[in-house]
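Student: Fold the following, please.
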Amino acid sequence: MERAQPELTIDPDKAFYILMKARAFDEKTEASGLEEGSNPTDDKDVAILEDNPESDATEEELRTALQSLNDDEKLDLVTLVWIGRGDFSIDEWSAARAEADSVRDKHAVRYLMETPLFSDFLEEGLALAGYDLDEFEREHF
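Tutor: Down below sits the predicted model:
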């Protein structure tokens, strides 16, 4: 017997876009201490993945994508992360979403961005909801 997929208010393509931005954000590393003006080719372009709080386009892109969501879409993301993390099963979608709604506040964007392994949990939650990252990448890249 095939279980029904939860009905998401967020478009899966939008969720995968956020997942990709979150993955890039998660991969940021501490600054290497390389001199400004050093040759990026010689340095193997490590500065691209360095965390630079003064000018971090990756963080800003993720924050902007999350802030552009309506409240229901943010609840879906929180719910998908919780399911992906194992806090709830996919069969508990309604209960998980109700719990997310009960703790809703204005800090959902910060909560998601500060969640360790955010992109991994979101990917797992989407997979459990029946949406495959590999399929998304084949269709869009």
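
Student: hey, which helix or strand in the chain has the poorest pLDDT?
Tutor: In the chain, no helix or strand scores lower on mean pLDDT, DSSP states H and E than helix 133-140, which sits at a mean of 85.

Student: mind listing what's buried in it?
Tutor: For helix 133-140, the neighbour count (16 or more other Cβ atoms under 10 Å) marks 133, 136 as buried. All C-beta spots, glycine's among them, are computed from the backbone N, C-alpha and C.

Student: what's in contact with that helix?
Tutor: Here helix 133-140 makes contact (Cβ atoms under 8 Å, 6 or more residues apart in numbering) with 12-13, 16, 19, 123, 126-127.

Student: Just the buried ones among those residues, please.
Tutor: Buried residues within the contacts of helix 133-140, counting neighbours by 16+ other Cβ under 10 Å: 12, 16, 19, 123, 126-127.

Student: out of those residues, which are inside helices?
Tutor: In helices, judged by DSSP state H, the following of these are found: 12, 16, 19, 123, 126-127.

Student: what about the least confident helix or strand of the chain, distance to the chain center?
Tutor: 16 Å (Cα atoms, centre = their mean, to the nearest Å).

Student: mind starting the numbering at 45 from now?
Tutor: Got it, the first residue is 45 from now on, which makes the last one we talked about helix 177-184.

Student: Only alpha carbons, please: show it as CSV.
Tutor: What follows is helix 177-184, C-alpha atoms only, in CSV (Å, rounded to 0.1, in the frame of the first residue of the first chain):
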residue,chain,number,x,y,z
LEU,A,177,17.1,15.9,-5.4
ASP,A,178,18.7,13.9,-8.2
GLU,A,179,15.5,14.2,-10.2
PHE,A,180,15.4,17.9,-9.6
GLU,A,181,19.1,18.3,-10.6
ARG,A,182,18.5,16.3,-13.9
GLU,A,183,15.5,18.6,-14.7
HIS,A,184,17.2,21.9,-13.9
